[in-house]
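Enquirer: below are the sequence and a predicted model; questions follow.
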Number of protein chains: 2
Amino acid sequence: MTRPNIVNFPDRPNRCAECTKVCQCLGLNVEGGSLRTTLDIDVQTRVLHKNEKLVNDGDRFHTLYAVRSGAIKTCKTTETGEEQIIDFCLPGDLIGLDAIHSGRFNCHAVALDTTSICALDFRDIERLLESSSAFRKAFFQRMSAGIQRNENFVVTLGTRDAYQRLAAFLVTLAEYHADHGCSRLEFVLPMSRSDIADYLNLAVETVSRLFSRLQSESCVQVKRSAVRVMNLDSLYNAAGMHPPRTSYSARMQ
Amino acid sequence: MTRPNIVNFPDRPNRCAECTKVCQCLGLNVEGGSLRTTLDIDVQTRVLHKNEKLVNDGDRFHTLYAVRSGAIKTCKTTETGEEQIIDFCLPGDLIGLDAIHSGRFNCHAVALDTTSICALDFRDIERLLESSSAFRKAFFQRMSAGIQRNENFVVTLGTRDAYQRLAAFLVTLAEYHADHGCSRLEFVLPMSRSDIADYLNLAVETVSRLFSRLQSESCVQVKRSAVRVMNLDSLYNAAGMHPPRTSYSARMQ
DNA sequence: TTATAAAAATGACCTGAATCAATAAGGAGC
DNA sequence: GCTCCTTATTGATTCAGGTCATTTTTATAA
């Protein structure tokens, strides 16, 4: 098994400590500047084209990948040959936390669009885990958050019907964008309808119909991959979620 | 918020290093005896009665719980008041890995039966994570395995119908028992039909019907909570899974 | 033991979302 | 511009599994 062909772009930072991205792959946010100085990791950046595979299910794990820009889907193939999308990874997300355990990736990872990633040698991570308690803490929280994220998704699948599920999906994206300094009211879906359907355990036709319904209810405006939230409260409502207590209208966007 | 009332049983080991249980809560299996010596953790054991709550959603997290015997269900209540069982925790399982992140539990945990647990102060865990690289490795693998476990469950929900789901659930239990030195062909379900239904996103009636079906197909014999696997291969088959390559008939049980 | 309640099983019926089928709208290449 | 092909939308029909209703079984208490 050959290692993926990694290309270095000299015009981009190749040390985490110098990275200016807001995506905060390694939990920099937790300790701020003090942690930043400990992050003397060399990374290799790489650009993937749409539909290009980053990892195959079964690949040996020695590298953690961080999404810098673009989007990636991780999916599994069942023994009966069905595909199931596990997650969409957006800038700041890590790929491979679930592979530490077995030493092998157990998902495919495919770029949904032109995507830039950082490859972090896991030995470097282990070295930092040994030397920096702040990093250790941040990394643990990262893994813990990963578990919680999956659990929340299980709750979504178990308690929401198709309509609520799609609305909840849009809410999650809106919140992601807000957390990353972008507009929560206008964003682009990097994945196709059929990817959304697969992820949410629905049929493509159902997703399409529900987008139309949300639109007819003046909840959102959807034009292909462009989403514009018309009424955030009613989107939360459609998702069966309470909007956070802070007022949106009081903020910019 | 008061800390749960912890009772020490002097006749039971209260140090992990002395624990003789096969459940292997802290990944002893990974490094064998050498790790065992490093595990100088004091634990507090506690017995829960059926339906007794171990933690409430929102409780502050300062303790990791390990199941010693019995069984516990972890569940979340949605904003609309619905319950969703996230997982069943059996001896050897840890409760609270998802709480490290936020510092609060985000699940209820309720005993399904008389259950004995160990309470591990998380500061002790952190101390060990600092001092022992073997422990650190084992603990990471534990968290990573937790992520993978959830992902596999998402795949089950997404790709299997009701019949396959119930069969897969029984397969998982059979494998758990085999991994813990018990019979994979005869075991007891510690949870009610309605818990199984909730966990698998099915109606109780459906679970009941499918047990009957599996029984009529001579796959299993189910008498209340007692399960006897009549034909392991056809159970795997019903689950849409391939049985592992090793031959069962060649082994004891 | 019997009375009462809770859990499980079974049947009849209904519905949300899948499937099948047919258009419609984009996007890529020429 | 136009053609080809993929993706998305909309409608008609079907069905897996949910809901409601009833019976049976098991557990608990007196």
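Expert: Cool, the structure landed. Remember, it's a predicted structure, so these values are computed and weren't measured experimentally. Residues are numbered from 1 along each chain as shown, chains lettered A, B, ... in the order given.
Enquirer: report the beta-bridge partner residues of the spatially most central residue of chain A.
Expert: With distances taken as C-alpha atoms, centre = their mean, the residue of chain A nearest its centroid is residue A:89 (2.5 Å). Applying DSSP bridges to residue A:89 yields these beta-bridge partners: residue A:72.
Enquirer: so what's it up against?
Expert: Taking C-beta atoms under 8 Å, 6 or more residues apart in numbering or on different chains, we find residue A:89 in contact with A:67, A:71-74, A:95, A:109. Quick note: C-beta positions are derived from backbone N, CA and C, even for glycine.
Enquirer: same check, this time on residue A:174
Expert: When contacts are counted by C-beta under 8 Å, 6+ apart, residue A:174 touches A:184-185, A:187, A:229, A:232, A:235.
Enquirer: neighbour-wise, which of the residues you listed leads?
Expert: residue A:229 (25 neighbours; other C-beta atoms under 10 Å in any protein chain shown).
Enquirer: can the longest helix along chain A be said to contact DNA strand D?
Expert: Longest helix in chain A by number of residues (criterion: DSSP state H): helix A:133-159. No. Applying C-beta under 7 Å from any atom of the strand, one finds helix A:133-159 separated from DNA strand D by no less than 9.9 Å.
Enquirer: in the next helix or strand after that helix, what's buried?
Expert: Counting by DSSP states H and E, the next helix or strand C-terminal to helix A:133-159 is helix A:162-179. For helix A:162-179, burial by neighbour count (16 or more other C-beta atoms under 10 Å in any protein chain shown) applies to A:162-174, A:176-178.
Enquirer: does helix A:162-179 reach DNA strand C?
Expert: Yes. Applying C-beta under 7 Å from any atom of the strand, one finds helix A:162-179 in contact with DNA strand C at A:162-163.
Enquirer: what angle separates that helix from helix A:133-159?
Expert: Angle, helix A:162-179 to helix A:133-159, by axes from the mean of the first three to the mean of the last three C-alpha atoms, to 10 degrees: 160 degrees.
Enquirer: after helix A:162-179 comes which helix or strand?
Expert: strand A:186-188.
Enquirer: return the list of strands paired to that following strand, each annotated with direction.
Expert: Per DSSP bridges, strand A:186-188 is paired in its sheet with strand A:226-229 (antiparallel).
Enquirer: quick one: stretch A:58-72 to chain centroid distance?
Expert: Distance of stretch A:58-72 from its chain centroid, counting by C-alpha atoms, centre = their mean, to the nearest Å, is 11 Å.
Enquirer: in that stretch, which residues are buried?
Expert: A:59, A:61, A:63-68, A:70-72.
Enquirer: hmm, that stretch touching DNA strand D?
Expert: No. Legend: contact between stretch A:58-72 and DNA strand D by C-beta under 7 Å from any atom of the strand is lacking; minimum distance shown is 13.5 Å.
Enquirer: dig out what residue A:95 forms beta bridges with.
Expert: According to DSSP bridges, beta-bridge pairing links residue A:95 with residue A:65.
Enquirer: dump the residue contacts of it.
Expert: A:54-55, A:64-67, A:72, A:74, A:89, A:109, A:117.
Enquirer: so residue A:82 sits against residue B:156, correct?
Expert: No. Residue A:82 is beyond contact range of residue B:156, at 11.2 Å (criterion: C-beta atoms under 8 Å).
Enquirer: more neighbours, those two?
Expert: Higher neighbour count among residue A:82 and residue B:156: residue B:156, with 21 against 14, using other C-beta under 10 Å.
Enquirer: tell me the contacts of the more buried one?
Expert: Residues in contact with residue B:156, defined by C-beta under 8 Å, 6+ apart, are B:165, B:168.
Enquirer: confidence score at it?
Expert: We note a pLDDT of 97 for residue B:156 in this prediction.
Enquirer: contact residues of the stretch 51-200 of chain A facing DNA strand C?
Expert: A:161-163.
Enquirer: JSON lines for those, including pLDDT and distance to chain B?
Expert: Output for these, formatted as JSON lines (pLDDT from 0 to 100; distance: C-beta to the nearest C-beta, whole Å):
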{"residue": "A:161", "pLDDT": "97", "distance to chain B": "11"}
{"residue": "A:162", "pLDDT": "98", "distance to chain B": "13"}
{"residue": "A:163", "pLDDT": "98", "distance to chain B": "13"}
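Enquirer: and for residue A:245, the neighbour number?
Expert: 5.
Enquirer: ok, now residue A:138?
Expert: By the measure other C-beta under 10 Å, the count of residues near residue A:138 is 21.
Enquirer: I'd guessed it sits against residue A:26; true?
Expert: Yes. In this structure, residue A:138 is within contact of residue A:26 by C-beta under 8 Å, at 6.7 Å.
Enquirer: so the residue lying closest to residue A:148 once chain neighbours are set aside, which state does it fall into?
Expert: In this structure, residue A:148 finds its nearest non-sequential neighbour in residue B:98, 4.4 Å apart by C-beta to C-beta, 6 or more residues apart in numbering or on different chains. Secondary structure for residue B:98, judged by DSSP: H, G, I helix; E, B strand; the rest coil, is helix.
Enquirer: please name the residues that touch residue B:98.
Expert: Applying C-beta under 8 Å, 6+ apart, the residues contacting residue B:98 are A:144, A:147-148, A:151, B:106-107, B:146.
Enquirer: follow-up on the earlier one: including distance to residue A:14 and pLDDT, could the contacts of residue A:95 go into a markdown table?
Expert: As requested, these are exported to a markdown table (distance: C-beta to C-beta, whole Å; pLDDT from 0 to 100):
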| residue | distance to residue A:14 | pLDDT |
| --- | --- | --- |
| A:54 | 18 | 95 |
| A:55 | 21 | 95 |
| A:64 | 15 | 95 |
| A:65 | 15 | 95 |
| A:66 | 13 | 94 |
| A:67 | 16 | 94 |
| A:72 | 20 | 97 |
| A:74 | 25 | 97 |
| A:89 | 21 | 97 |
| A:109 | 21 | 96 |
| A:117 | 13 | 92 |
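Enquirer: residue A:63 and residue B:44, how far apart?
Expert: Taking C-beta to C-beta, to the nearest Å as the measure, residue A:63 falls 40 Å from residue B:44.
Enquirer: host element of whichever residue of the stretch 1-150 of chain A sits closest to DNA strand D?
Expert: For the stretch 1-150 of chain A and DNA strand D, the shortest gap (C-beta to the nearest atom of the strand) falls at residue A:51, measuring 8.6 Å. Element membership for residue A:51, per DSSP H and E: none, as it lies in no helix or strand.
Enquirer: for it, give me its contacts.
Expert: A:110-111.
Enquirer: how about 10 Å then?
Expert: By C-beta atoms under 10 Å, 6 or more residues apart in numbering or on different chains, the residues touching residue A:51 are A:110-113.
Enquirer: swap in residue A:23?
Expert: Taking C-beta under 10 Å, 6+ apart, one finds A:66-69, A:90-93, A:118, A:180 in contact with residue A:23.
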